[in-house]
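K.L.:
this one's structure only:
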DNA sequence: TTATTAGATAATAATCATTATTATTTAAGA
DNA sequence: TCTTAAATAATAATGATTATTATCTAATAA
Ligand SMILES: [Mn+2]
Ligand SMILES: [Mn+2]
Ligand SMILES: [Zn+2]
Ligand SMILES: [Zn+2]
């Protein structure tokens, strides 16, 4: 989704187009590492030093309502935001919190097969696989 | 896991066996509805009126360390606790928070196939499927 | 059985991510 | 340009979870 599409999408839903919104949306929608609200805040601050953390939260909420991002809640860290809504696996390191997507045709295919079996109509899904990342597994092989 | 197995497990790890622990462990390990800490607290209180919520949290932490329960963190509600560690799908209603397990041989089989494909060694997984429960979908068909 | 003590519990304070509030600013339309 | 409803920035409030600490007790051994 490019900037023009984003602007059209916001206007069509009656939301005003502000520079802060564009900046936050662009950042999260193009992100690959599932950033937290604080990380987004620190990043956008580089361009908009006066931006408020509250605005970041409000905009993330807006993107959730539009179905453009999913909020991933955790018990041991703050929420992370994911712009990828198609069925995929979030590979998560339980030690450092690093998250990346594993996407493959087979993941979608097998997931849809399971869905068919359940007979349910999912609004969305969240598939997490917890495994130590390379960095963390080297640091402390067997803690 | 029966009471005797639980007691042996606790003792073997150097943990003391207390009535509060037994009560909390029994409750969560036999639960099917993924209760919250508060719900566990309210339930155990019926038998142990003097129990502290802090003890519930400490015991749940202990069970996590022992690998007997998984904590499911959410962004819009407090954490829920799941004693089922085998690969299965948590069917979650985003409106009322109801959670139940969908377990079928195919889920495990297809999940293991995905794992093999990734080449990763998962410590654990979390497979969430969000869909309105019957009750909620009747109450407000299209909100 | 009783004494010892490390660990557990109950009560409660502290934390901190997130949400709510409000005065000020601004995008959008007339 | 003017109007105004919505957005922003600043900040206070919330609430689930964690930390602290004074008792209490399960486990061990005299
Ligand atoms: Mn993802
Ligand atoms: Mn479950
Ligand atoms: Zn890591
Ligand atoms: Zn429901």
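P.N.:
Structure received. Worth saying up front: this structure is predicted, and the values here are computed from it rather than measured. Ligands and ions are numbered 1, 2, ... in the order given.
K.L.:
Please report how far residue A:24 lies from residue A:80.
P.N.:
Residue A:24 sits at a distance of 15 Å from residue A:80 (criterion: Cβ to Cβ, to the nearest Å). For the C-beta atoms, the positions are set from N, CA and C on the backbone; glycine is no exception.
K.L.:
Next: residue A:135.
P.N.:
Computed with Cβ to Cβ, the distance linking residue A:135 and residue A:80 is 18 Å.
K.L.:
So those two - more neighbours on which side?
P.N.:
Set residue A:135 next to residue A:80 and count neighbours by other Cβ atoms under 10 Å in any protein chain shown: residue A:80 wins out with 22 against 11.
K.L.:
Report the beta-bridge partners for the more buried one.
P.N.:
For residue A:80, the beta-bridge assignment (DSSP bridges) gives partners residue A:36, residue A:72.
K.L.:
does any bit of the host helix or strand of residue A:43 sit next to DNA strand C?
P.N.:
Element membership for residue A:43 (DSSP states H and E) is helix A:37-45. Yes: on the criterion Cβ under 7 Å from any atom of the strand, helix A:37-45 is in touch with DNA strand C at A:37-38.
K.L.:
Report how many residues lie close to the residue of chain A found nearest ligand 4.
P.N.:
Among all residues of chain A, residue A:123 sits closest to ligand 4, at 11.6 Å; criterion: Cβ to the ion. The number of residues packed near residue A:123 is 13, by other Cβ under 10 Å.
K.L.:
can you list the weak-confidence ranges in chain A?
P.N.:
A:140-143 (pLDDT under 70).
K.L.:
Going along the chain, name the helices of chain A.
P.N.:
With DSSP state H as the definition, chain A shows helices at residue ranges A:3-12, A:19-29, A:37-45, A:53-65, A:105-118, A:134-139.
K.L.:
Not counting the first one itself, show me its contacts.
P.N.:
It refers to helix A:3-12. By Cβ atoms under 8 Å, 6 or more residues apart in numbering or on different chains, the residues outside helix A:3-12 that reach it are A:1, A:16-17, A:21-22, A:25-26, A:29, A:66, A:68.
K.L.:
Mark out where each domain of chain A begins and ends.
P.N.:
As recorded under automatic domain parsing, the domains making up chain A are A:3-73, A:86-139.
K.L.:
rewinding a little: from the helices of chain A, which stretch is densest packed?
P.N.:
helix A:19-29 (a mean of 19; mean count of other Cβ atoms under 10 Å in any protein chain shown).
K.L.:
So which bits of chain A are right by ligand 1?
P.N.:
Residues of chain A lying near ligand 1 by Cβ under 5 Å from the ion: A:82, A:84, A:90, A:101.
K.L.:
which outside residues touch the lengthiest strand in chain A?
P.N.:
In chain A, ranked by residue count with DSSP state E as the criterion, the top strand is strand A:124-130. With Cβ under 8 Å, 6+ apart as the test, strand A:124-130 has contacts from A:70, A:72, A:85, A:87-94, A:102, A:107, A:111, B:115, B:118, B:120, B:122-130.
K.L.:
And stretch A:52-71, by the same measure?
P.N.:
Contacts of stretch A:52-71 from elsewhere in the structure, counted by Cβ under 8 Å, 6+ apart, are A:1, A:9, A:13, A:15, A:20-21, A:24-25, A:28-29, A:37-38, A:40-41, A:44, A:79-85, A:124, A:126, B:75.
K.L.:
make it 6 Å
P.N.:
With Cβ atoms under 6 Å, 6 or more residues apart in numbering or on different chains as the contact definition, stretch A:52-71 has outside contacts at A:20-21, A:24, A:28, A:37, A:40-41, A:79, A:81-83, B:75.
K.L.:
Now the two most distant members of these.
P.N.:
The largest separation in these, counting by Cβ to Cβ, is between A:20 and B:75 at 22.0 Å.
K.L.:
Excluding covalently adjacent residues, which one is nearest to the most centrally placed residue in chain A?
P.N.:
Against the mean C-alpha coordinate of chain A, by Cα atoms, centre = their mean, the closest residue is residue A:82 at 1.1 Å. On the basis of Cβ to Cβ, 6 or more residues apart in numbering or on different chains, the spatially nearest residue to residue A:82 that is not a chain neighbour turns out to be residue A:70, at 4.7 Å.
K.L.:
Now for residue A:28: which residues touch it?
P.N.:
For residue A:28, the contact set (Cβ under 6 Å, 6+ apart) comprises A:69, A:81, A:83.
K.L.:
Please determine how far it is located from residue A:139.
P.N.:
Here the distance between residue A:28 and residue A:139 works out to 29 Å (Cβ to Cβ).
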